[in-house]
Structure formats: C-alpha cells, structure tokens
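*Asks:* requesting a structural model of the entry that follows:
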Amino acid sequence: MNLENQSGAEERKGTVPAGGSGRLPDYAADRTEGQVSETELQRTIAASRAASGKGKSILTLGAVIFAVGLIIASWEGAFFIGAFIMIIGGIPLLKRSSAISKAKSEVKDKLSKSVIPEVLSSVFDGVQYDPDGRISDDVIHGTHMFFPFHFTDIDGSDLIRGSYRGVNIEMSDITLTEVREYTETDDDGNTETHTQTSVHFTGQWLTCDFHKQLSADLCVFESNRRMRPRDLIETENEAFNQKYGVSCSSPHDAFYVLTPHMMEYIMTMDERAGGKTYLRFLKEGKVHVAVNSGRNHFEPDNLEDAGLDALRHRFRNEVQYVVDLIDALLKEETLYQR
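*Replies:* Numbering: from 1, shown residues only. Prediction:
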C-alpha cells in the first residue's frame with residue numbers, strides 16, 4: 001500500500017484559496033451581519049428538539065412497519081402485499097428523516113452566526129469563520145502528508161482562520177474519499193462497470209504558520225509496523241516507535257523537532273483527539289496536523305440534552321487542542337533554525 005499522498009488524482013478546488021503567511025486574507029464573509037439573538041437561537045433549538053423527539057417515535061413505527069413488510073415480501077406468493085406494506089412504512093421514514101435533518105440544519109445555521117464565532121473569538125485573534133468553506137486542495141496536496149491510502153476527492157466545511165500568540169492558523173473539517181471504477185466480466189463475456197466509493201478520512205486539518213524556518217522537513221504518522229517503509233527513523237522512545245512512523249531526509253535534523261517532550265506531547269494529543277494523527281513539519285515554517293477523528297466539529301448532534309452553555313463548552317473543547325499544540329511547539333527552541 002502506497003503511503004504517499006496521491007496528488008495525481010483529479011482535483012476539485014476548494015471554496016477558499018490556499019492560505020499565505022502574514023496578515024490574514026479578507027476572503028471570508030463578515031459574519032457580524034445577521035447575527036442571531038440568544039432568544040431566537042433558544043427557540044430554534046427547542047423547535048429542533050421537538051421535531052427530533054416526535055420524529056424518533058415516527059421513525060421507530062415506520063421502521064417496524066417496513067421490517068414487517070420485508071418479512072412478508074419474502075413469503076411465497078406474498079411479494080406484492082409485503083412491498084405495499086414496505087411503502088407504507090417507508091414514507092414516514094423518509095419524511096421524518098428529512099424533517100429532522102432540516103431542523104438540525106437550521107440550528108447549525110443559527111449557531112454559525114452566534115455561538116461558534118463567539119467561542120472562536122474567545123480563543124483566537126482576528127477570527128474569520130466560513131461554515132461552508134474549507135482548506136483548499138492546493139494546501140492539502142502540497143503538504144505531501146503520509147497517508148496509508150489513496151484519495152481522489154476532497155470535501156469539507158467550517159473553515160477557520162485566525163491567530164494565536166503570533167502564529168497564524170487555518171483549519172477546517174476535511175473528508176478524503178477515494179472513488180474507483182472497476183469492470184467485471186461474467187461467464188458470457190458481458191462486462192459491467194461499477195463505481196466504488198471509500199471514505200478514508202473524516203476529521204480536522206490544521207495548518208500553523210510560525211513565520212520562521214523550522215529545523216527539518218519531517219513526517220509523523222500512525223501506522224501498523226508491517227506497513228512501514230524501510231527508511232523510517234527510530235527514536236529512543238520505544239512507545240513512540242511502536243505507534244508512529246517518522247520520515248525525514250536527515251535523521252540528525254529530525255531530533256531537533258522530535259525532542260523527548262515533543263514526542264510525549266504528540267502521544268498525549270493523539271489520545272485526546274480520538275483518532276489517528278498525522279503531522280507534517282515543513283522547513284518553510286508551517287506545521288500541518290490531520291486528525292482522522294471520524295466526526296466533524298461544531299455539529300449540533302445531541303440537542304436533546306444540550307443547552308447553549310453545554311454547546312459553548314463542547315465547541316471550546318473542540319479547538320483547545322490547537323491552543324495546546326501551539327503552546328507546546330513554541331516551547332521547543334530546537335524546532336527553529338538559528
């Protein structure tokens with residue numbers, strides 16, 4: 001399995017151009033217009049809860065009716081009766097699923113104009129937030145991150161730009177998908193083309209620009225040891241070696257980046273992230289972090305139990321790792337060239 005990013009695949013450009021250094025570009029819409037009051041947001045959340053609660057009962061009933069129809073359809077001579085019952089159960093399933101999805105979408109729209117920018121502004125300076133934007137294809141392909149998979153399509157949302165302690169950051173949810181076509185031939189020589197879609201990465205991509213050269217170009221990635229290339233660097237931390245692969249053109253320079261403290265921090269960060277973590281240190285002064293967490297940030301998934309304070313707390317925790325990472329990197333004096 002090829003561990004290198006496949007940049008030869010057809011690219012679909014993101015909604016936002018690649019980020020640069022220095023002052024943050026003025027590319028995202030100003031979200032101060034059309035801000036939502038807390039009262040209006042509370043009403044929207046309450047309506048979503050009501051729709052979700054009512055929808056669950058109807059979904060359960062529809063699923064039971066659909067399952068009964070499926071069983072009857074399998075009986076000899078009862079296919080059409082079973083199919084009719086399946087339709088009766090399927091209609092409310094589709095309607096309520098659509099209603100719940102619409103309700104959550106309305107909540108997310110309101111949150112993107114109020115709570116999310118509020119939380120981000122409490123953490124970062126000069127925040128620009130675009131719920132429909134994402135990190136561009138050029139940035140993702142340009143890092144040459146080591147992944148144990150191929151991908152052909154990039155999607156994402158919740159683009160954030162800002163700064164913390166003088167470090168410019170750009171981050172968003174990212175989904176990496178491989179779309180592959182293959183042909184099957186039957187015994188009679190007839191061929192049929194199929195499309196297989198595999199989602200390999202769902203999580204967050206973070207870019208930090210430190211505005212000064214780093215000591216080495218370096219890749220750190222989680223991998224099964226049997227999948228690792230032969231030219232990887234072994235550190236003195238055996239626990240780190242068991243979990244990560246390290247690739248660098250200069251083993252000597254690699255240890256300016258991977259200090260004992262930094263390796264311990266990477267393992268701690270990885271446990272908190274809840275998914276496989278990939279890091280790319282570039283000499284030009286940027287650090288890329290991709291966390292395959294299996295989820296998106298800022299999604300109002302559990303509105304039945306969450307109030308606004310709980311949502312603020314959850315959203316704040318979702319970006320805390322960025323603050324912790326930058327704090328850790330700024331402490332590592334050997335990370336930067338003198």
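
*Asks:* so for stretch 296-305, what's the average pLDDT?
*Replies:* The average of the pLDDT scores along stretch 296-305 is 70.

*Asks:* ugh, typo on my part, it should be stretch 271-289
*Replies:* Stretch 271-289 comes out at a mean pLDDT of 87.

*Asks:* which residues touch that stretch?
*Replies:* Contacts with stretch 271-289, where a contact means Cβ atoms under 8 Å, 6 or more residues apart in numbering, come from 21, 143-147, 203-222, 257, 266, 269-270, 290-294, 321, 325, 329, 335, 337. Heads up, the C-betas are built off the backbone N, CA and C, glycines and all.

*Asks:* show me these that map onto helices.
*Replies:* Thr143, Val257, Ile266, Met269, Asp270, Tyr321, Leu325, Leu329 (DSSP state H).

*Asks:* wait, isn't the second one in contact with Ser215?
*Replies:* To tie it back to what came earlier, the one meant is Val257. Yes - using Cβ atoms under 8 Å, Val257 is in contact with Ser215, at 5.8 Å.

*Asks:* need the residues touching each of the two.
*Replies:* Thr334, Leu335.

*Asks:* of the two, give the one with the bigger neighbour count.
*Replies:* Set Val257 next to Ser215 and count neighbours by other Cβ atoms under 10 Å: Val257 wins out with 24 against 20.

*Asks:* that one: what's it in contact with?
*Replies:* For Val257, counting by Cβ under 8 Å, 6+ apart, the contacting residues are Leu214, Ser215, Ala216, Leu218, Cys248, Phe281, Glu332, Thr334, Leu335.

*Asks:* likewise for Tyr256?
*Replies:* Residues in contact with Tyr256 (Cβ under 8 Å, 6+ apart) are Ser215, Ala216, Thr334, Leu335.

*Asks:* I figured the last one was touching Leu329, is that so?
*Replies:* Meaning Leu335. Yes - between Leu335 and Leu329 there is a contact under Cβ under 8 Å: 6.2 Å.

*Asks:* quickly list what's touching both of the two.
*Replies:* In terms of Cβ under 8 Å, 6+ apart, Leu335 and Leu329 are both contacted by the residues Met262.

*Asks:* burial measure for Lys286, as a count.
*Replies:* 21.
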